[in-house]
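Engineer: just a sequence and a predicted model for now, questions to come.
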Amino acid sequence: MCYKSTYFKQAKPATVQPQKTGTMAQNDSGNLYFLLKIKVFLAHLLRKGLTLISPDMTAALPSGPLIVLSPHPDDETLGAGALIARYRANGHKVKIILATEGAGASVKGLGEPDKIAALRHKEACTATRLLGVADGDVVFLSLPDGDLIKHQAQIQKHILKAIRETAPALIVSPCPEKCHDDHQAIAYSLRTLAREGHVTCPIFEYPIWFFPQKVLPCLFGFIKNKRQRKIATKPYLKTKHRALVAYKSQFYGQPTERMRLLFKFIVKKPALGDYELFFTFDKDAPEHRC
Ligand SMILES: [Zn+2]
């Protein structure tokens, strides 16, 4: 997930207030906070509607190994935790590639990136174990958080290695959301490999930061090309919830009211719904960049 996104880079300067104490206003001005609430509500409605019209792929999932690409520790669980648990419960190998250790996140009480990275690494180990993934199948690339766009060649090398070793039936990757450079870097790394003929299995892309103003431009393209899919979280929702709670720094460590609001309604609530939402990728279709 990680907060080091272009969205927050734009939003933060307007909201930081000089040292008022005791209320929400210490971090957020009233009007902007109200506007944010409306955006969050619209995002919630949009995502609900999209899930409603998405074909249910649960019974038609490809059988075999699964590769999951994750920009930051927790993205894999937020976007595809139930899917991962489902594949493991069905005896399929699941390989998770974690590109960064999320050192760029804001965590209450923890200011040093090294400490944040160490904590999030540990949380990722716990969460992926809870989902049933063997320690040896979780690969940490330890690339710089917020700077993945400069490391796409390295990312592609590791994806190719995982494909050779795993022969996946399905690859799950982040949706290239405009509000997050790292999510785009991973998505475009995989899309390029697919266009070059290195990926023969289906690719499902999971959205995390689902802001209407950021996803709408590409959302129309997704819907027009019927790319939206949903996969039931039951009976793996409790497992996913347990894994998500293992990410304590993200669940309980947001330093501002704004972060808590966004995390709760944009990220956590949809992640714990009845379905996980994905967009399929077709290498022959026109590119829809968010
Ligand atoms: Zn992320």
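Structural biologist: Nice, I can see it. Because the structure is a prediction, the values reported are computed rather than measured.

Engineer: quick one, what contacts Glu101?
Structural biologist: 73, 117-118, 120-121, 124, 140, 142, 145 (CB atoms under 8 Å, 6 or more residues apart in numbering). The way it works is simple: take the backbone N, C-alpha and C, and place the C-beta from them, glycine included.

Engineer: list only buried entries from those.
Structural biologist: For these, a burial check counting by 16 or more other CB atoms under 10 Å picks out 73, 117, 120-121, 124, 140, 145.

Engineer: looking at those, which are in helices?
Structural biologist: The helices, defined by DSSP state H, take in 117, 120-121, 124 from the buried ones among the contacts of Glu101.

Engineer: any regions of the protein where pLDDT drops low?
Structural biologist: Scanning the chain for pLDDT under 70 picks out 1-29, 178-179, 212-217, 286, 288-290.

Engineer: quick one: the residue nearest the centre of it and Pro113, what's the gap?
Structural biologist: Nearest to the geometric centre of the chain sits Asp75, at 3.5 Å (CA atoms, centre = their mean). Separation of Asp75 from Pro113 (CB to CB, to the nearest Å) stands at 18 Å.

Engineer: got it, and Leu45?
Structural biologist: Leu45 is 36 Å from Pro113, by CB to CB.

Engineer: quick one on the thing from earlier: my read: the residue nearest to the centre of the chain touches Trp209, true?
Structural biologist: No. Counting by CB atoms under 8 Å, Asp75 does not reach Trp209; the two are 10.1 Å apart.

Engineer: can you give me the neighbour number for Thr126?
Structural biologist: 14 (other CB atoms under 10 Å).

Engineer: now Ala271. Nearest residue, chain neighbours left out?
Structural biologist: Spatial nearest neighbour of Ala271, chain neighbours left out: Leu78 (4.5 Å); criterion: CB to CB, 6 or more residues apart in numbering.

Engineer: how about Ile149?
Structural biologist: Closest to Ile149 by CB to CB, 6+ apart is Ala185, at 4.5 Å.

Engineer: and the one you found, that one's in a helix?
Structural biologist: Yes. Checked against DSSP: H, G, I helix; E, B strand; the rest coil, Ala185 lies within a helix.

Engineer: next up, the contacts around it.
Structural biologist: With contact taken as CB under 8 Å, 6+ apart, Ala185 is in contact with 71, 99, 148-149, 151-152, 155.

Engineer: kindly recompute the last result at 7 Å.
Structural biologist: 148-149, 152, 155 (CB atoms under 7 Å, 6 or more residues apart in numbering).

Engineer: any quick PyMOL command for the buried ones out of those residues?
Structural biologist: The PyMOL selection below is limited to those of the contacts of Ala185 classed as buried (16+ other CB under 10 Å):
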select buried, resi 148+155
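
Engineer: pull the most distant pair out of the contacts of Ala185.
Structural biologist: For the contacts of Ala185, the maximum inter-member distance is 9.9 Å, found between Ile149 and Ile155 (CB to CB).

Engineer: hmm, back to that, the residue nearest to Ala271 sits in which helix or strand?
Structural biologist: helix 75-89 (DSSP states H and E).

Engineer: in that helix, what counts as buried?
Structural biologist: Buried, per 16+ other CB under 10 Å, within helix 75-89: 75-88.

Engineer: which residues in the stretch 101-250 of the chain form helices?
Structural biologist: 113-130, 152-166, 181-195, 212-224, 237-245, 248-252 (DSSP state H, counting those that start in this stretch).
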